[in-house]
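K.L.:
take this sequence and fold it.
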Amino acid sequence: MNAPVPTRRPSAAYRYLFVAGLGLVIGLVATVMVSRAIQARQDPFPGSLMHVMERQVALLRDAQAQNRCSLADSVPRLQTLRSLSNDLDLAFPELKDSAQFQQHASGLRATLNTALAAPPTDCVAMGQLVEKIQTDCKACHQDFR
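P.N.:
Next up is the predicted model:
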């Protein structure tokens, strides 16, 4: 006689896999939402100012490395750096009253004022100027970063 074939119960593994995948997707979406909310509360101005200043110094360094050291190559960059250095107090209001921060900012401005009063006319002078600007920036970053 024919014996009844036992029916196999379907595995629950697919359900567990689906729930785990769904949990992973929900967790990923929630993480992105929280990180965007935190990012929206941060002021982008200080970081942006530092990036633009860093780029201007890099352009001076690149011009010097490519032996393009004329006044037309250096003066616009120096003017931009000097103009941006006026906004250091705005970018870091919590350091506005710090005498050490003001000393670093004034040192950078003095370096840029001197460079604009007598712009470098050869690559050796431009290299020395770039080194001095980087030294001024590094001194402030060591104290306040």
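K.L.:
buried sites along stretch 109-126?
P.N.:
For stretch 109-126, the neighbour count (16 or more other C-beta atoms under 10 Å) marks 109, 111-112, 115, 119-120, 123, 125-126 as buried. (Each C-beta comes from the backbone N, C-alpha and C, glycine too.)
K.L.:
cool, stretch 61-74 as well?
P.N.:
Buried residues in stretch 61-74 (16+ other C-beta under 10 Å): 61, 63-64, 69, 73-74.
K.L.:
dump those residues into TSV; add distance to Arg55 and pLDDT as well.
P.N.:
Formatted as TSV, those follow (distance: C-beta to C-beta, whole Å; pLDDT from 0 to 100):
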residue	distance to Arg55	pLDDT
Arg61	11	94
Ala63	13	93
Gln64	15	91
Cys69	19	88
Asp73	15	88
Ser74	15	92
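K.L.:
just those: which are in helices?
P.N.:
61, 63-64, 73-74 (DSSP state H).
K.L.:
which two of the buried residues of stretch 109-126 have the greatest separation?
P.N.:
Arg109 and Cys123 (24.3 Å; C-beta to C-beta).
K.L.:
show me the helices in this structure, by range?
P.N.:
Using DSSP H, helices in the chain cover 13-40, 45-65, 71-85, 88-91, 99-117, 123-144.
K.L.:
mind putting the ones you listed into JSON lines with distance to Thr7?
P.N.:
Converted to JSON lines, these look like this (distance: least, C-beta to C-beta, whole Å):
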{"stretch": "helix 13-40", "distance to Thr7": "18"}
{"stretch": "helix 45-65", "distance to Thr7": "65"}
{"stretch": "helix 71-85", "distance to Thr7": "77"}
{"stretch": "helix 88-91", "distance to Thr7": "72"}
{"stretch": "helix 99-117", "distance to Thr7": "78"}
{"stretch": "helix 123-144", "distance to Thr7": "72"}
